[in-house]
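S.K.: got a sequence here, can you model it:
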Amino acid sequence: MSRKALIIIMLMASCGVVRAEPVTISNPVASVTVDPELGRITDWRLTGGENVLWVNRGNLDSAFVQGWKNYGGDKVWLVPQPLRDAVFGNGAPDPDLDGGVWRIIGRGPLTLTMRSGLSRKLHCVVTRTLRLDPAAARLTIVNRVERVQASPFPVHLWAVSQTAVPDRVFFGLNGTWYPAEPRYRKLVAEEVPPVLRDGGILEVFPLAGDWNKVVCWGDWLAAAIGGTVFVQSVDAAPAGCYPEGSNLQFYVNREYAELETLGDLRPLPPGEEYSNTVVWQLIERIPGREPEQLRALTANP
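M.R.: Sure thing, here's the model as predicted:
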């Protein structure tokens, strides 16, 4: 490389022009890829299998949320959707955290940590640490938010994983959370009704019309995508504040689906932080026996 070319690259890097490349960690059975340029996990798959995450290769402008660039993948949001207009002045997620450039601040053979820039509205910084199991398709994600300056707005840790459209979705319901509340709610009445299986497993048939959404109180949710089942579990606070009346949500339209885990909403003083842990797992699907597979998998978290 010529001296002139090297100087140009160094100048571009100093100006933030050079794109941060995606980073992958893997073990013999699974791999995960992070794109720090977008602050997202963009690939999660069994070795030799297909990516279960949906990544937008087309028009980034969302048809549902004005001003939002829908890149796909998995990300963290800090504000419940009904509060966005008060915080950001529109219905889109935080522009500093969602689609803003993150930095890789730590990396090992099976670990990776990335950190967001500062949210100018929430005065918060988010850190995500990924740990891949040495021998299993199991990824532990620790999400942490830190407030660096006073803000009037509470925050929660809302992780949203966009996936290909599954043909089945399952929830591990938990009836001990707010027992006076319904364990699940279906927001589109004309869709196929869910079925409650043995062991408190709710089976959802995702899409008959244009969209569907199911929300619940539970310990885990899973999507059957082709020959793979993608499972997510979360360590949520059962006595916390959940303004949307749920800690697990599933949304689907004709293009993609979303698996959503929600932490409780908290007022966060300056200098304090709060975290939650979400565990991802992938298993090879046995059609028609998914509830049995999930009962066995989640019995030993």
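S.K.: state the helix or strand in which the closest residue to residue 112 other than its chain neighbours lies.
M.R.: Sequence neighbours aside, residue 130 is the residue nearest to residue 112 in space, at 4.7 Å (criterion: C-beta to C-beta, 6 or more residues apart in numbering). C-betas here are computed from N, CA, C, even on glycine. Using DSSP states H and E, residue 130 falls within strand 124-132.
S.K.: just checking: what are the partner strands of that strand?
M.R.: Paired strands of strand 124-132, with direction, are strand 111-115 (antiparallel), strand 138-147 (antiparallel) (DSSP bridges).
S.K.: got a list of contacts for it?
M.R.: With contacts defined as C-beta atoms under 8 Å, 6 or more residues apart in numbering, strand 124-132 is touched by 25-27, 30, 32, 34, 41, 76, 78, 97, 105-106, 110-119, 138-148, 151, 155, 268.
S.K.: buried ones only from these, please, as a ChimeraX command.
M.R.: The buried residues among the contacts of strand 124-132 can be selected in ChimeraX (16 or more other C-beta atoms under 10 Å) with this line:
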select :25,27,30,32,34,41,76,78,97,112,113,114,115,116,119,138,139,141,142,143,144,145,146,147,151,155,268
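S.K.: list the contacts of stretch 20-39.
M.R.: Outside stretch 20-39, the residues within contact range by C-beta under 8 Å, 6+ apart are 19, 40-47, 71, 73, 75, 97-104, 107, 109-112, 114, 116, 130, 132-139, 282.
S.K.: quick one: buried residues of that stretch?
M.R.: 20, 25, 27, 29-39.
S.K.: now those in TSV, with distance to residue 293 and secondary structure?
M.R.: Formatted as TSV, the buried residues of stretch 20-39 follow (distance: C-beta to C-beta, whole Å; DSSP: H, G, I helix; E, B strand; the rest coil):
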residue	distance to residue 293	secondary structure
20	37	coil
25	25	strand
27	21	coil
29	16	coil
30	17	strand
31	22	strand
32	21	strand
33	25	strand
34	28	strand
35	30	strand
36	34	coil
37	36	coil
38	32	coil
39	32	coil
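S.K.: could you export the strands paired with strand 124-132 as JSON lines, including distance to residue 197 and mean pLDDT?
M.R.: Shown next, in JSON lines, are the strands paired with strand 124-132 (distance: least, C-beta to C-beta, whole Å; pLDDT from 0 to 100):
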{"stretch": "strand 111-115", "distance to residue 197": "36", "mean pLDDT": "98"}
{"stretch": "strand 138-147", "distance to residue 197": "24", "mean pLDDT": "98"}
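S.K.: between the ones you listed, which one is closest to residue 169.
M.R.: Closest of those to residue 169 is strand 138-147, at 19.4 Å (criterion: C-beta to C-beta).
S.K.: off-centre distance for the closest one?
M.R.: 11 Å (C-alpha atoms, centre = their mean, to the nearest Å).
S.K.: other residues contacting the next helix or strand after that strand?
M.R.: With elements assigned by DSSP H and E, the helix or strand that comes after strand 138-147 is strand 158-163. Strand 158-163 is contacted by residues 41, 52-55, 72-78, 80, 141, 143, 223, 225, 230, 232, 234, 256-263, 278 when judged by C-beta under 8 Å, 6+ apart.
S.K.: output strand 158-163 as CSV, restricted to C-alpha atoms.
M.R.: Extracted C-alpha coordinates of strand 158-163, given in CSV (Å, rounded to 0.1, in the frame of the first residue of the first chain):
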residue,chain,number,x,y,z
TRP,A,158,-36.5,-4.1,25.5
ALA,A,159,-34.6,-6.5,23.2
VAL,A,160,-36.2,-7.0,19.8
SER,A,161,-35.1,-9.9,17.5
GLN,A,162,-36.4,-9.7,13.9
THR,A,163,-36.7,-13.1,12.3
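S.K.: paired strands for whatever helix or strand comes next after that strand, with orientation please.
M.R.: Scanning forward in sequence from strand 158-163 by DSSP H and E, the next helix or strand is strand 168-173. Using DSSP bridges, strand 168-173 pairs in its sheet with strand 201-204 (antiparallel), strand 218-225 (antiparallel).
S.K.: so what's residue 73 up against?
M.R.: 35, 38, 40-42, 53-55, 161-162.
S.K.: tell me which of the residues you listed is nearest to residue 185?
M.R.: Nearest to residue 185 among these, with distances taken as C-beta to C-beta, is residue 161, at 20.5 Å.
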